[in-house]
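Trainee: build the 3D model from these lines:
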Amino acid sequence: MTEHLTKETFLEKVFDYENNKEWKYQGELPAIIDFYADWCGPCKMVAPILEDLSEEYDGKIKIYKVDTEVEQELATVFGIRSIPSLLFIPLNEQPQMAAGALPKDAFVDIINKILLLKIIVN
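Mentor: Below you'll find the model as predicted:
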């Protein structure tokens with residue numbers, strides 16, 4: 001299942017931007033963060049895809065959601081200007097942002113080529 005993040009859980013599980021200037025991912029698995037809003041149509045299309053992927057890749061990646069209406073500070077910190085915006089976080093590399101609703105096959109491609117590739121190679 002996808003997990004909703006608050007600022008507090010984001011600082012603990014993803015990145016403590018209040019105490020670190022350089023990116024340092026706190027997690028033990030690669031992750032996707034969906035910055036969304038309840039009123040957003042494309043966000044509603046992405047939500048079931050992310051739920052499916054969270055089951056299919058359970059134990060391999062984490063999928064988080066951040067409600068930009070509730071967690072406005074997180075949206076500001078990451079410069080979210082359009083939603084959905086998706087942050088793809090490999091384990092030992094810089095995260096990559098993508099804007100807009102992606103189809104499931106695009107998510108699978110990114111997961112396999114960017115998020116999980118490093119795990120398989122190492």
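Trainee: any chance you could map the strands in the chain?
Mentor: 3-4, 31-36, 62-67, 85-89, 96-99 (DSSP state E).
Trainee: what about the closest residue to residue 84 other than its chain neighbours, distance to residue 96?
Mentor: Closest residue to residue 84 apart from its sequence neighbours, by C-beta to C-beta, 6 or more residues apart in numbering: residue 43 at 4.6 Å. Every residue, glycine included, has its C-beta placed from N, CA and C. Residue 43 sits 19 Å away from residue 96, going by C-beta to C-beta, to the nearest Å.
Trainee: please name the bridge partners of residue 96.
Mentor: On the basis of DSSP bridges, residue 96 is bridged to residue 88.
Trainee: separation between it and residue 89?
Mentor: Distance of residue 96 to residue 89, given as C-beta to C-beta: 8 Å.
Trainee: cool, residue 12 as well?
Mentor: 15 Å.
Trainee: more crowded one of those two?
Mentor: residue 89 (24 against 13; other C-beta atoms under 10 Å).
Trainee: quick one, what contacts the residue sitting nearest the centre point of the chain?
Mentor: In the chain, the residue lying closest to the centroid (C-alpha atoms, centre = their mean) is residue 33, at 1.4 Å. Residue 33 is in contact with 5, 14, 63, 64, 65, 66, 86, 87, 89, counting by C-beta atoms under 8 Å, 6 or more residues apart in numbering.
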